[in-house]
Each structure stands twice: as C-alpha cells, then as structure tokens.
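Trainee: Here is my input; please provide its structure:
(one chain, ligands or ions: 1)
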Amino acid sequence: MSRDVEVAVVGAGIAGLATARALAGEGRDVVVLEQFQLGHDRGSSHGATRIFRLAYPEAEWVRLAQAALVGWRELERDSGLELVSLVGLVELVRDLAESSQQALASCGIECRVLAAREAQAEFSLRVPDGFTALLQPDAGIVYAARAHEAFRAGLTIDEGIRVTGIADLGGVVRVETSAGPLQASAVVVTAGPWARPLLQTARIDLRVRPTRETVAYFELRTPEPMPAVAEFQTDAHRHAFYALHDPHHGLKAGLNGSGRPADPDKNEDPDPGIVEQIADWVSMRFPLERPDPVRAETCLYTNTPDESFVLERHGRIVVGSACSGHGFKFAPVVGRRLAALAEEAPA
Ligand SMILES: Cc1cc2nc3c(=O)[nH]c(=O)nc-3n(C[C@H](O)[C@H](O)[C@H](O)COP(=O)(O)OP(=O)(O)OC[C@H]3O[C@@H](n4cnc5c(N)ncnc54)[C@H](O)[C@@H]3O)c2cc1C
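Mentor: Below is the predicted model:
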C-alpha cells in the first residue's frame with residue numbers, strides 16, 4: 001500500500017465509522033483502516049443492541065443524548081433502517097435523588113415514578129423492596145449491527161490492515177501499516193482498546209484502561225420487548241446490573257464495570273462468576289423461560305477514570321475514545337465532533 005489520502009481513520013468500530021461518514025459527507029477523501037474483518041467481535045461495538053437513553057443524572061449528558069437521537073433519526077431517514085426503538089428505560093434506585101429524574105426534568109424530558117405493581121403489570125418487571133422505579137419512555141435500544149451497516153454505506157474501508165505506527169511529520173502524517181505506509185493530511189484514531197499503545201508511537205499519552213466485560217443472553221416468557229433496565233449501585237451515580245432487549249434471544253444483561261484489566265490482543269472467555277451473578281439478578285427481576293443463559297460473550301470497555309470521553313486533536317492527529325461502556329448511543333455526535341476536529345487540522 002502506498003497512497004495519499006486526506007484523512008485516514010484507524011478502526012472501523014462504531015466511532016470510526018461515524019467519523020468517516022461525517023467526513024465523507026463533507027466531501028473529504030477518507031479511508032478507514034481496520035485490522036480485522038468488518039463485523040468482528042474482538043472490540044467494543046459488536047452485538048445486536050445497546051441501551052439508548054436520555055436518562056443521565058447530569059444534564060450535560062442528557063443534552064448530548066438528545067443531540068445523538070436527532071443524529072440517529074437522520075441516519076434512519078438516509079439509510080431506510082430502523083436504528084433506535086423507544087421501548088423505554090427503567091432506572092431502579094434506592095434513593096430517587098440518585099436517579100436521572102432531576103436532570104431529565106431540567107431538560108424538559110418526560111419521566112415518571114412507577115409503583116412496583118405498575119412495573120409488574122405493564123412490563124412484568126419485579127421491583128425489589130426498598131427500590132423505586134423511574135420510567136423514561138423516550139429510551140430503549142439502538143440496533144448496533146444495523147447502525148454499523150448504516151454508517152458504513154459508501155465508505156472506503158480497508159479490512160485486515162493493522163496500523164503499527166503514526167508520525168506527524170508537520171505537513172503530513174505518515175501511517176505505518178501491515179500493508180505498507182501511507183500519508184494523510186490528518187489521522188483520526190478510533191482504535192478503542194488498542195488506542196493507547198498505538199498513540200504512544202505518536203508520543204500521545206491516552207490514559208485509558210481496557211477491561212474485558214461479560215454479558216449473557218436469556219430467553220423471556222414475554223414476547224414483547226422489555227424496556228431497558230439499569231439498576232444503580234448504592235451511593236454512586238453508576239449503573240450496576242443492566243438489561244436490554246435482544247432481538248435474537250429476548251434479553252441481554254450485564255454487570256457494568258465488573259471486568260478485569262484486559263489485553264485486547266488476547267482472546268478470553270466470559271467470566272463464569274460474572275455470568276452466575278448476572279443470572280441470579282436476571283431471575284429476580286425478569287420473567288424467564290429458563291434460569292440459565294442461552295449464551296455469554298465478552299466485550300471490551302476502554303475506561304477513563306470518570307467515564308467521560310476523550311475527543312481531542314494533537315496537531316494532525318485526532319483522538320477519539322468514547323467508551324467506558326456507554327459510548328454507542330452517542331456515535332452520531334461523537335462522529336461529527338471528531339470529523340470537525342480533523343477538518344481543523346493545520347493546512
Ligand atoms: C459489554 C458492553 C456493553 C455496552 N453497553 C452499552 C450500552 O448499553 N449503551 C451504549 O451507549 N454503549 C454501550 N457500550 C459501549 C459501546 O459499545 C462503546 O462505547 C463503543 O462500541 C466504542 O466503539 P469504538 O469504535 O470506540 O471502539 P471499538 O468498537 O473497539 O472499535 C475499535 C476498532 O479499531 C480497530 N483497531 C484497533 N487498533 C487498530 C489498528 N492498530 N489498526 C487497525 N484497526 C485497529 C479494532 O479492530 C476495532 O474494530 C457497551 C460496551 C460493552 C463492551
């Protein structure tokens with residue numbers, strides 16, 4: 001490989017694809033370089049669904065999610081695919097003050113407290129004693145695999161090519177790849193859990209920590225999609241267990257942030273101890289066809305200390321790290337922001 005492009009995007013996860021689409025929409029000559037084949041399950045973006053929610057306990061995140069929803073609806077219009085299904089989200093909290101109620105109200109977004117018997121009658125969801133359920137109707141799921149398909153339409157994507165080094169030479173960026181070098185006016189690194197070592201080759205220190213998270217799938221007795229459910233940790237504005245609709249099996253569930261530090265180049269199995277904890281929680285909350293999961297898999301988080309995203313430019317190199325387990329829903333706005341940063345790179 002030896003060619004010049006305006007912008008090279010490293011990584012065809014959801015962040016890279018959204019960025020490349022935004023750049024292509026601005027008429028830029030853009031190539032996406034992906035080390036594996038599209039649709040692989042080694043990073044963070046695979047699987048059928050992710051939670052989409054406006055519900056965040058902080059108003060800034062609520063507003064960002066509102067902007068993302070506008071972006072998803074535009075992508076739905078362009079692609080003809082249904083990408084977001086608003087089946088609702090229920091937050092389970094011990095103290096309503098820990099929920100997203102105030103932040104949602106301050107942004108004018110509907111939410112309401114559900115009595116335990118209402119949650120049972122409307123959604124077959126069991127609310128445990130001592131918990132309050134807050135329903136946010138304009139939430140639910142984003143269809144992850146379909147979102148990939150929608151973002152990548154018409155893009156130039158080179159699969160099976162690993163980027164091994166990046167150097168901003170001033171005027172141009174030299175990109176070393178497993179298929180030879182190329183030059184670009186700007187490079188966007190959306191390499192997920194691989195980003196830190198790659199950016200070190202460009203002397204950029206990205207302080208993130210990859211962990212391998214386990215998720216499990218269950219069959220439900222109810223045919224209707226359940227609302228997504230997020231149960232909060234005590235005394236922390238953080239999700240602990242969560243569950244969401246899965247179109248193949250019925251329910252996907254996990255324990256947020258329970259994964260061990262991970263080397264993304266190693267393939268490791270789901271953690272059986274976590275699967276057991278997830279299964280116990282799911283069987284206490286949901287109407288299951290059978291208590292055991294039908295399957296389990298892993299997925300990598302790329303964690304920042306406060307779950308915020310890193311979206312920044314260093315000369316001609318743009319860094320996009322939007323994970324900590326909640327970045328998928330923001331892909332349309334993250335992609336536009338990273339594209340705008342790439343366009344600001346010095347001429
Ligand atoms: C278990 C789990 C549950 C989640 N649940 C939710 C949720 O409910 N809602 C939500 O909004 N978000 C959720 N997320 C987070 C969301 O999935 C991530 O924020 C998002 O997928 C991150 O995408 P990415 O493109 O940054 O990274 P990735 O998907 O990891 O993409 C990085 C890509 O770069 C490629 N790459 C890396 N290095 C190189 C290289 N050197 N050369 C070429 N290619 C390279 C990789 O192969 C990969 O394809 C969850 C994540 C996990 C793991």
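Trainee: OK, contacts around Trp281?
Mentor: 231, 241, 253, 255 (CB atoms under 8 Å, 6 or more residues apart in numbering). For the C-beta atoms, the positions are set from N, CA and C on the backbone; glycine is no exception.
Trainee: Just the buried subset of the residues you listed, written out for ChimeraX, thanks.
Mentor: Selecting only the buried entries of the contacts of Trp281 in ChimeraX, with 16 or more other CB atoms under 10 Å as the criterion:
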select :231,241,253,255
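Trainee: pLDDT added to the contacts of Trp281, as JSON lines?
Mentor: Shown next, in JSON lines, are the contacts of Trp281 (pLDDT from 0 to 100):
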{"residue": "Glu231", "pLDDT": "95"}
{"residue": "Phe241", "pLDDT": "96"}
{"residue": "Ala253", "pLDDT": "98"}
{"residue": "Leu255", "pLDDT": "96"}
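Trainee: Out of the contacts of Trp281, which comes closest to Thr49?
Mentor: Checking the contacts of Trp281 against Thr49 with CB to CB, the nearest one is Ala253 at 11.6 Å.
Trainee: show me the contacts for the closest one.
Mentor: Contact partners of Ala253, counting by CB under 8 Å, 6+ apart, are 215-218, 241-244, 278, 281-282.
Trainee: So what's the residue count around the residue nearest to Val87 when sequence neighbours are not counted?
Mentor: Of all residues beyond its chain neighbours, the one nearest Val87 is Gly140 (3.9 Å), with distances taken as CB to CB, 6 or more residues apart in numbering. Here the number of neighbours of Gly140 (other CB atoms under 10 Å) works out to 22.
Trainee: Need phi/psi at Gly140.
Mentor: Dihedral pair for Gly140: phi 150, psi -110, per degrees, to the nearest 10.
Trainee: same thing with the one 4 residues further on?
Mentor: When quoted as degrees, to the nearest 10, the phi and psi of Ala144 stand at phi -70, psi -50.
Trainee: near the ligand, which residues of the stretch 1-150 of the chain?
Mentor: 10-16, 33-36, 42-45, 50-51 (CB under 6 Å from any ligand atom).
Trainee: Can you read off the pLDDT for whatever residue of the stretch 151-300 of the chain ends up closest to the ligand?
Mentor: Nearest residue of the stretch 151-300 of the chain to the ligand (CB to the nearest ligand atom) works out as Gly192 at 2.4 Å. Here the pLDDT value assigned to Gly192 is 98.
Trainee: Ramachandran coordinates for it?
Mentor: Dihedral angles of Gly192 (phi, psi; degrees, to the nearest 10) stand at phi 50, psi -130.
Trainee: wait, doesn't it sit right on Ala12?
Mentor: No - at 10.2 Å, Gly192 and Ala12 do not qualify as touching, with contact defined as CB atoms under 8 Å.
Trainee: Pull out the buried members of the residues of the stretch 1-150 of the chain next to the ligand.
Mentor: 10-16, 33-35, 42-45, 50-51.
Trainee: Just the ones of those residues in helices?
Mentor: The members of these that map onto helices under DSSP state H are 14-16.
Trainee: quick one on the thing from earlier: just to check, the residue nearest to Val87 is in contact with Val90?
Mentor: No - contact criterion CB under 8 Å: Gly140 and Val90 do not qualify, at 10.8 Å.
Trainee: picking up where we left off before, so which of the contacts of Trp281 are in strands?
Mentor: 231, 241, 253, 255 (DSSP state E).
Trainee: Can you show me the strands along the stretch 1-150 of the chain?
Mentor: Using DSSP state E, counting those that start in this stretch, the strands assigned to the stretch 1-150 of the chain run over residues 4-10, 30-34, 49-52, 84-85, 89-93, 112-114, 132-136, 140-143.
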